[in-house]
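Undergrad: Show me how the following folds:
(2 chains)
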There are 2 protein chains.
Amino acid sequence: MTRWPLPPPMQRALILAEAAAAAGEVPVGAVVVRGGEIVAEAHNAPRELSDPTAHAELLAIRRAAQALGAERLEGCELWVTLEPCAMCAGAIAHARIGKLYYAAPDPKGGAVEHGARVFEQPQCLHRPEVYSGMGEAASAELLRGFFAARR
Amino acid sequence: MTRWPLPPPMQRALILAEAAAAAGEVPVGAVVVRGGEIVAEAHNAPRELSDPTAHAELLAIRRAAQALGAERLEGCELWVTLEPCAMCAGAIAHARIGKLYYAAPDPKGGAVEHGARVFEQPQCLHRPEVYSGMGEAASAELLRGFFAARR
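TA: Numbering: from 1, shown residues only, chains lettered A, B, ... in the order given. Modelled structure (predicted):
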């Protein structure tokens, strides 16, 4: 069987998630793309950076805003290996990210299709288009392996 | 009439909010306190920093974690002049902030007693004790003045 290849930004996000795991961080990777080009990328790094806000998405958004010299990332896409939490979903809305692609759902911590459902709140000022599922198996396997090794 | 004075951390947060307004940023200030001492502080600065995540709370939390060299701010309090949004409420939970004090409610963007109600989600891993209202009038007046001057 030939599997359809993952889009390059999700392939890259998965590689970043693997790098996170190798560094002892929960394996999540994120990439910001504009016009088909990667603007910024990050992996989860709260331990390395002593920063509870250093989730992959938040770091990638901050780096992209720095790279573009703009507070808003209009026309940008965010590709991430796990459903964003409330903090990261809020950051995605503040940054005016146009499209959000995430691989695996996160029933325990996600806030897009679970929990706080940040983009579904009537007060939410910006809702990205949301696409999920591409790369789900690979992302879930990375997370399972990471947590299994720590038990 | 003698008014009861505001606790010093909220007085300081309001001064930071004024500094934000003077810099052309939405007037919100935040202070992290541990054992009665200020560990870190910040005002809203997304424009100055070209960073959509640079809300007062998020900056203060990041700076406190840096100052303490720890990913978690257990035993710390966060004092902020406005009800935190979903992004900042999520960061407060991730940082394990023990007590949250905020001055003014924010029906449009708040996510503590409005909208996403982040701490009320069953999946929320950490809920701070929440106290609101101290300094509400002063904070609301700063915000009103800021937005009135921009219309």
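Undergrad: What ranges does chain A have for its strands?
TA: Secondary structure of chain A (DSSP state E): strands located at A:29-34, A:37-43, A:76-82, A:99-104, A:129-132.
Undergrad: Mind listing what's buried along the second one?
TA: Along strand A:37-43, these residues count as buried under the neighbour rule (16 or more other Cβ atoms under 10 Å in any protein chain shown): A:38, A:39, A:40, A:41, A:42, A:43. C-beta coordinates here come from the backbone N, C-alpha and C atoms, glycine included.
Undergrad: how near is the third one to residue A:73?
TA: Counting by Cβ to Cβ, to the nearest Å, the gap between residue A:40 and residue A:73 amounts to 9 Å.
Undergrad: quick one: contacts for the closest residue to residue A:35 other than its chain neighbours?
TA: Among residues not flanking residue A:35 along the chain, residue A:75 sits closest, at 7.5 Å (Cβ to Cβ, 6 or more residues apart in numbering or on different chains). By Cβ atoms under 8 Å, 6 or more residues apart in numbering or on different chains, the residues touching residue A:75 are A:34, A:35, A:98.
Undergrad: Show me how to select, in ChimeraX, the buried members of those.
TA: Filtering the contacts of residue A:75 down to the buried ones (16+ other Cβ under 10 Å) takes a single ChimeraX command:
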select /A:34,98
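Undergrad: can you tell me which of the contacts of residue A:75 lies nearest to residue A:132?
TA: Nearest to residue A:132, judged by Cβ to Cβ, of those is residue A:98 at 15.7 Å.
Undergrad: so that closest one sits right up against residue A:130, yeah?
TA: No - using Cβ atoms under 8 Å, residue A:98 is not in contact with residue A:130, being 10.8 Å away.
Undergrad: what about chain A, any weak spots by pLDDT?
TA: Scanning chain A for pLDDT under 70 picks out A:1-3.
Undergrad: which residues pair with the most centrally placed residue in it across the strands?
TA: The centre of chain A sits closest to residue A:80, judged by Cα atoms, centre = their mean, with a distance of 2.8 Å. Beta-bridge partners for residue A:80, by DSSP bridges, are residue A:30, residue A:102.
Undergrad: do residue A:42 as well
TA: Bridge pairing for residue A:42 (DSSP bridges) gives the partners residue A:30.
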